[in-house]
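S.K.: Structure here, sequence nowhere to be found:
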Ligand SMILES: [Zn+2]
Ligand SMILES: [Zn+2]
């Protein structure tokens with residue numbers, strides 16, 4: 001069998017072709033569930049290399065598997081979607097997902113050509129996942145209404161379709177904005193749920209007979225106060241964010257308002273906090289409405305779960321990073337306010353997502369660009385490929401998925417997706 005260095009050479013000798021593919025995918029920027037050209041480019045390469053795959057999963061997703069996966073089955077997850085440009089001129093890969101796509105293809109080719117997986121009982125499935133960015137709701141909800149999708153994000157649909165059921169662990173990488181460092185490891189991602197509370201009261205003349213009305217702005221104001229007090233009940237590191245706004249309420253100064261709408265995201269760094277905060281949010285709305293004899297309705301739009309990474313897998317990742325940089329160049333366990341649907345995978349399966357530097361400009365902005373090709377495509381690729389090598393050749397490095405636990409967690413997860421987080 002090849003040693004690690006020999007396997008990593010596959011990336012080194014392909015360097016120029018990888019950079020070119022990186023440029024091609026960076027320029028092919030399509031929004032979530034519209035990644036048709038991107039998917040075509042991916043499958044053309046897989047055809048050329050003779051790698052079998054399944055396509056059109058959750059509309060535009062692709063999965064290619066190498067090896068049997070009987071002993072240990074690794075999933076490498078690459079986002080493929082982009083964002084709209086701020087100047088209105090099409091789309092741009094301003095979150096760097098094209099780098100993940102390119103990395104996935106580089107690793108696929110290296111593992112395929114080396115034939116290394118066939119010498120083990122392990123397998124790696126490459127998931128090219130659509131629609132990670134949580135945007136474009138009208139379009140996605142339209143697809144859901146037509147029965148083409150069940151949820152708004154690519155990974156959520158792929159989980160629901162059962163494609164992750166046989167996987168033992170999930171590996172991924174995402175560009176970060178850190179300058180002066182090479183990587184980050186064990187970062188959090190915040191989870192969130194969108195909440196909408198409608199207070200229902202009774203209109204009346206505000207001068208002649210206000211006592212006959214039931215003022216919904218009063219209910220919403222009371223709830224705003226309760227929510228700001230609620231934030232005090234969670235420790236700072238839990239990352240609870242509640243920023244309620246009133247999106248409707250009041251029309252004429254002469255009339256007691258009978259409908260007021262309060263909306264907020266509930267964000268938190270861990271599931272427990274997120275679920276508990278959602279529950280207490282509902283309590284605040286319910287009791288403030290009842291205190292003032294108002295009706296209320298709460299609706300939820302499910303977001304993403306917070307990401308908690310596998311410490312065991314990150315030990316392997318960190319070891320591979322240290323082959324290319326000093327420990328000072330690795331940012332340890334940063335707390336990120338960003339969110340991603342990889343958080344949902346992390347809830348179900350041992351998961352990691354390391355960060356790599358090498359991009360410039362601002363994320364989600366037209367100024368975003370790739371600056372350090374070597375770190376984005378080659379060094380990060382080597383960290384990932386080296387991690388895969390360690391997992392397939394050294395059983396002691398593996399973090400095992402507990403099947404029974406997975407089934408229980410999946411049930412809990414579907415409760416979350418269907419808003420029954422209580
Ligand atoms: Zn993004
Ligand atoms: Zn992203």
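M.R.: Now that the structure is in, tell me what you want to look at. Since the structure is predicted, the reported quantities are computational estimates derived from the model, not experimental observations. Ligands and ions are numbered 1, 2, ... in the order given.
S.K.: Make sure residue 128 is indeed in a strand.
M.R.: Yes. Residue 128: assigned to a strand according to DSSP: H, G, I helix; E, B strand; the rest coil.
S.K.: The chain: helices as residue ranges?
M.R.: 4-13, 15-27, 36-49, 97-114, 137-145, 154-160, 216-230, 271-291, 311-321, 342-348, 373, 380-393, 403-417 (DSSP state H).
S.K.: in the longest one, what counts as buried?
M.R.: Looking back up the chat, that one is helix 271-291. Neighbour counts over helix 271-291 (16 or more other C-beta atoms under 10 Å) mark 271, 273-278, 280-282, 284-285, 288-289 as buried. For glycine as for every other residue, the C-beta is placed from the backbone atoms N, C-alpha and C.
S.K.: thinking again about what came up before, need the helices of the chain in TSV with mean pLDDT and distance to residue 186, can you?
M.R.: Formatted as TSV, those follow (pLDDT from 0 to 100; distance: least, C-beta to C-beta, whole Å):
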stretch	mean pLDDT	distance to residue 186
helix 4-13	98	23
helix 15-27	98	26
helix 36-49	98	29
helix 97-114	98	18
helix 137-145	94	31
helix 154-160	97	20
helix 216-230	98	29
helix 271-291	96	17
helix 311-321	98	5
helix 342-348	97	11
helix 373	98	26
helix 380-393	98	14
helix 403-417	90	21
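S.K.: For residue 332, find the nearest of those helices.
M.R.: helix 311-321 (8.6 Å; C-beta to C-beta).
S.K.: picking that back up, residue 88: which of the helices of the chain is closest?
M.R.: Here helix 137-145 is closest among these (C-beta to C-beta), at 16.8 Å.
S.K.: Now do the buried residues in that closest one.
M.R.: Buried residues in helix 137-145, counting neighbours by 16+ other C-beta under 10 Å, are found at 140, 143.
S.K.: picking that back up, out of the helices of the chain, nearest to residue 85?
M.R.: Nearest to residue 85, of the helices of the chain and by C-beta to C-beta, is helix 15-27 at 12.6 Å.
S.K.: Measure how the closest one sits relative to helix 4-13, angle-wise.
M.R.: With axes from the mean of the first three to the mean of the last three C-alpha atoms, to 10 degrees defining the directions, helix 15-27 sits at 60 degrees from helix 4-13.
S.K.: I would like the residues contacting helix 15-27, please.
M.R.: 11, 38, 41, 45, 93, 98-99, 101-102, 105-106, 370, 373, 376-378, 381 (C-beta atoms under 8 Å, 6 or more residues apart in numbering).
S.K.: Would you show me how to pick out the buried ones of those in ChimeraX?
M.R.: Buried residues within these, by 16+ other C-beta under 10 Å, are selected in ChimeraX with:
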select :11,38,41,93,98,99,101,102,105,106,370,373,376,377,378,381
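S.K.: how close does residue 316 get to residue 174?
M.R.: Distance of residue 316 to residue 174, given as C-beta to C-beta, to the nearest Å: 18 Å.
S.K.: Hmm, I typed the wrong one, I wanted residue 379.
M.R.: 15 Å.
S.K.: likewise residue 110?
M.R.: Residue 110 is 21 Å from residue 174, by C-beta to C-beta.
S.K.: How about residue 66?
M.R.: Counting by C-beta to C-beta, the gap from residue 66 to residue 174 is 23 Å.
S.K.: Same check on residue 325?
M.R.: 18 Å.
S.K.: In terms of neighbours, single out the busier of the two.
M.R.: Per other C-beta atoms under 10 Å, whichever of residue 325 and residue 174 has more neighbours is residue 174, with 24 against 15.
S.K.: in terms of contact, does that one touch residue 353 like I think?
M.R.: Yes. Residue 174 is in contact with residue 353 according to C-beta atoms under 8 Å; the separation is 5.6 Å.
S.K.: The stretch 151-300 of the chain: strands as residue ranges?
M.R.: 169-175, 183-185, 191-200, 241-242, 245-249, 259-268, 295-302 (DSSP state E, counting those that start in this stretch).
S.K.: Return the most buried member of those.
M.R.: strand 169-175 (a mean of 24; mean count of other C-beta atoms under 10 Å).
S.K.: So which elements touch it?
M.R.: Where contact means 3 or more C-beta pairs under 8 Å, 6 or more residues apart in numbering; DSSP states H and E, strand 169-175 is packed against strand 72-79, helix 97-114, helix 342-348, strand 351-356, helix 380-393.
S.K.: Sheet-wise, list the partners of the fourth one with their directions.
M.R.: Sheet pairing for strand 351-356, assigned by DSSP bridges, gives strand 169-175 (parallel), strand 183-185 (antiparallel).
S.K.: I'd like to know which of the ones you listed is closest to residue 342.
M.R.: strand 169-175 (5.6 Å).
S.K.: could you check the angle helix 311-321 makes with the closest one?
M.R.: Using the same axes, to 10 degrees: strand 169-175 against helix 311-321 is 50 degrees.
S.K.: Find me the pLDDT at residue 193, would you?
M.R.: Per-residue confidence (pLDDT) for residue 193: 93.
S.K.: next one: residue 420
M.R.: For residue 420, the model assigns a pLDDT of 55.
S.K.: centre of the chain versus stretch 310-320, how much separation?
M.R.: Taking C-alpha atoms, centre = their mean, to the nearest Å, one finds stretch 310-320 lying 20 Å from the centre of the chain it belongs to.
S.K.: just checking, residue 379 touches residue 356?
M.R.: Yes. Using C-beta under 8 Å, residue 379 is in contact with residue 356, at 7.4 Å.
S.K.: Next, show the common contact partners of those two.
M.R.: residue 182.
S.K.: These two: which is more packed in?
M.R.: Neighbour tally, residue 379 and residue 356, criterion other C-beta under 10 Å: the higher count belongs to residue 356, 27 against 22.
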